[in-house]
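Chemist: Below are the sequence and a predicted model for it; my questions follow.
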Amino acid sequence: MAEKREITERVRALRTYMKEKGLQAFIFPSTDPHCGEYVPEHWMTRQWISGFDGSAGTAVVTLEDAALWTDSRYFLAAADQLDGTPFCLMKDGLEETPSISQWLSDGIQNSKFINSKSEEQGTNNSQLPLRSRVPLATPSAFSTFNFQLKEESLKVGIDGWVNTIANVRGLKDELEKVGLQLCLGDDPADELWVNRPSIPANPIEIQPLEYAGETCESKIARLREALQKEGAKGTVVSQLDEIAWLLNLRGTDVHCNPVFVAYVLLTQSEVTLFTNPEKITTEVAAYLKENNIKTLPYSSLTEALEAYKGETLLLAPNSSNWNLQSLLPETCKVIEHNSLIAPMKAIKNEAEIKGFRNAMIRDGVAMVKFLCWLKQAMKSGNYPTEIDVDHKLTALRAEQPLFRDISFDTIAGYGPHGAIVHYEATPETDIKLEPKGLLLLDSGAQYQDGTTDITRTIALGPLTESEKRDYTLVLKGHIRLAMAKFPKGTCGTQLDVLARYAMWQDGINYLHGTGHGVGSYLNVHEGPHQFRMNYMPAPLLPGMTVTVEPGIYRAGEHGARTENTMLITEYKKTEFGEFLQLEPLTLCPIDTTPIIWEMMLPDEIAYLNAYHKRVYEELSPYLNEEEKKSLTPNPSPRRGEIS
């Protein structure tokens, strides 16, 4: 409980800070100045203030209350982590959950602080100076935000460096509707976070052309052409995976993501990389010079934007932080447009596809070796724990050529822990496996030629009828979507129902997405395309990678999920247009022992048998005789045997 006591102390210190600044609330998002899903420790302010360590969530602290919003993936984990802290859990996406603005309005407007004035708020500190996050310099004036604060208004603070343009506007409008004022200013963690981690300064590495498949010169030319079409003279690239892809560089600044902290300012005549000079090795310096890429310190971006002489600059409002536009001179017109790089990066070239295929073979070999180890461990009675599972699988992957890291923290959830969608075992929660029930294992690796993401649910012994039925419904959903043929340009939302249809007939659903893009030795989650219930308009196109991962989770009982990474390929052209299909890249057996065969349709069984045949053909040359035997699944009924 020591850590939770620390959270209470941090909240108490924050409230003192807020009173000094004239704030009634402060909002901490999960992101950093580069709008990443996973961020360096320096910017984990939401985790620092709340103790919740999931990848998605927003913490809000008022002078009297505190709450954290997160999605269904983290409901169970967040409830446990927030227990004993000042924070209550807000289950985002549920109808009964209030929005942040409504919760703030209900709390602040009814607070005793509304009637207590200057004593607790200090003397006219309502207009917070705009702070530029260290190591960036401070912009000239708060007025650059064009927010007219009223002296009597109740103020909610945020940091403009870690909130996107779209998010700031949305918050401002929502808060004003309930009588509150958004105030952009300092990051309280700069003052309150003792021993705050520094911004990483790890060296940058070059991604060889044999794996990248396209020179950075070519990518820059394509980006410039796209900018011209949108009428823009330049752009700021702030998302770290986009910078890494554009320049064919990689790094180790973010856990599990091969990226480095930087910005890129690109115009029709110049490309400037803003990053810590310590990160640039002699080899990288020569590479950048050869490709006419200037370098300046990370802290120089502020000055460069303030002095920007171009007439127009394109910024993506959903992935560019607010301060980037506020720093620009008034003579510069900001053109708002979705990321131009994301759709380029999402379509993999021939070298990247080859790399994915090779990486999946090595990853499949590691997975099969792991499954053999697990089977023997369960037979011997020397049952491993969830952490043992994690360590063994990581070690087997590390033996493979071109292995660089895991692609996300392994989820090894046995029994009830399998129902926690993003469960990560800790010494406090770690449990031993038993020769019964299900183990849900979601894992992946970063190889220099590709990124992997796979989930298998494994029967460790006798199962309940509920476990078998849920497993079968999930498998049916996975296969039904995996078999889809669809017109080019279809979006993921139009196909998402295929993965859910069978379980919907049983009144079952899951609240997370069904699939996401996967980077080429980059972030394991990438867009813009997804399989998801809510509308995602990005079209599905040949060359995109995407996961298929439906699941069922019964709190306190078990979870089941089956996931393969897929490649979108051409299917056929007819008089009705071009049609596409999904090809599985992941190569690993799917456990057949939990399947209720009477629930499976003939074409679903045929697909499963064909998949296992391919897995055997691809992996068997790299395995010993004992491991090859594990590739032969339990006998599956032949087509037509199940009516």
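Modeler: Now that the structure is in, tell me what you want to look at.
Chemist: Okay, Ile204 and Leu288: tell me how far apart.
Modeler: Distance, Ile204 to Leu288, by Cβ to Cβ, to the nearest Å: 9 Å. Yep, even glycine has a C-beta here, placed from its N, CA and C like the rest.
Chemist: before we move on, what about Thr457?
Modeler: For Thr457, the distance to Leu288 equals 46 Å [Cβ to Cβ].
Chemist: Compare neighbour counts for these two and give me the winner.
Modeler: For Thr457 versus Leu288, the count of surrounding residues by other Cβ atoms under 10 Å is larger for Thr457: 27 against 20.
Chemist: average model confidence for the helix or strand hosting the more buried one?
Modeler: Element membership for Thr457, per DSSP states H and E: strand 454-459. Here strand 454-459 scores 98 as its mean pLDDT.
Chemist: mind checking how far it is from the chain centre?
Modeler: What separates the centre of strand 454-459 from the centre of its chain is 21 Å, taken as Cα atoms, centre = their mean, to the nearest Å.
Chemist: What residues sit buried inside the helix or strand just after it?
Modeler: Counting by DSSP H and E, the element after strand 454-459 in chain order, helix or strand, is helix 465-482. Within helix 465-482, the residues that qualify as buried by neighbour count (16 or more other Cβ atoms under 10 Å) are 467-482.
Chemist: same question, stretch 324-337
Modeler: For stretch 324-337, burial by neighbour count (16+ other Cβ under 10 Å) applies to 324-328, 332, 334-335, 337.
Chemist: Can you tell me which of those residues comes closest to Gly22?
Modeler: The nearest member of these to Gly22, counting by Cβ to Cβ, is Ser326 at 20.9 Å.
Chemist: so how far is Arg561 from the closest one?
Modeler: Noted for Ser326: a distance of 42 Å to Arg561, by Cβ to Cβ.
Chemist: for Glu598, same thing?
Modeler: To Arg561, Glu598 is 22 Å away according to Cβ to Cβ.
Chemist: Show me which of these two is the more surrounded one.
Modeler: Neighbour totals were compared for Glu598 and Arg561, and Arg561 leads with 25 against 9 (other Cβ under 10 Å).
Chemist: For the more buried one, give me its contacts.
Modeler: 440, 442, 455, 457, 474, 549-552 (Cβ atoms under 8 Å, 6 or more residues apart in numbering).
Chemist: Throw those residues into a markdown table and include distance to Arg404, thanks.
Modeler: Below are these laid out as a markdown table (distance: Cβ to Cβ, whole Å):
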| residue | distance to Arg404 |
| --- | --- |
| Leu440 | 25 |
| Asp442 | 19 |
| Thr455 | 21 |
| Thr457 | 27 |
| Val474 | 31 |
| Glu549 | 23 |
| Pro550 | 29 |
| Gly551 | 28 |
| Ile552 | 33 |
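Chemist: What about those, which one has the most neighbours?
Modeler: Pro550 (31 neighbours).
Chemist: Let's see the pLDDT reported for that residue.
Modeler: On pLDDT, Pro550 comes in at 98.
Chemist: Equivalent analysis for Arg638, please.
Modeler: 59.
Chemist: how distant is stretch 74-87 from the center of its chain?
Modeler: On Cα atoms, centre = their mean, the centre of stretch 74-87 falls 20 Å from the chain's centre.
Chemist: Can you give me the buried ones in it?
Modeler: Buried positions in stretch 74-87, judged by neighbour count with 16+ other Cβ under 10 Å: 74-79, 81-82, 85-87.
Chemist: what's the span of it from first residue to last?
Modeler: One end of stretch 74-87 sits 15 Å from the other (Cα to Cα, to the nearest Å).
Chemist: same thing with stretch 553-567?
Modeler: From its first residue to its last, stretch 553-567 covers 27 Å (Cα to Cα).
Chemist: buried residues in that stretch?
Modeler: Across stretch 553-567, burial judged by 16+ other Cβ under 10 Å covers 553, 557-567.
Chemist: Quick check: the two most widely separated of the residues you listed?
Modeler: Across those, the longest distance by Cβ to Cβ is 34.5 Å; it joins Glu557 and Leu567.
Chemist: what are the phi and psi angles of Lys392?
Modeler: The phi/psi pair for Lys392 (degrees, to the nearest 10) reads phi -60, psi -50.
Chemist: Hmm, Phe370 and it touching each other?
Modeler: Yes: between Lys392 and Phe370 there is a contact under Cβ atoms under 8 Å: 6.2 Å.
Chemist: Which residue of the two possesses the greater neighbour count?
Modeler: Applying other Cβ under 10 Å to Lys392 and Phe370 shows that Phe370 carries more neighbours, namely 22 against 17.
Chemist: Are we agreed that the more buried one is in a strand?
Modeler: No: read with DSSP: H, G, I helix; E, B strand; the rest coil, Phe370 is helix and lies in no strand.
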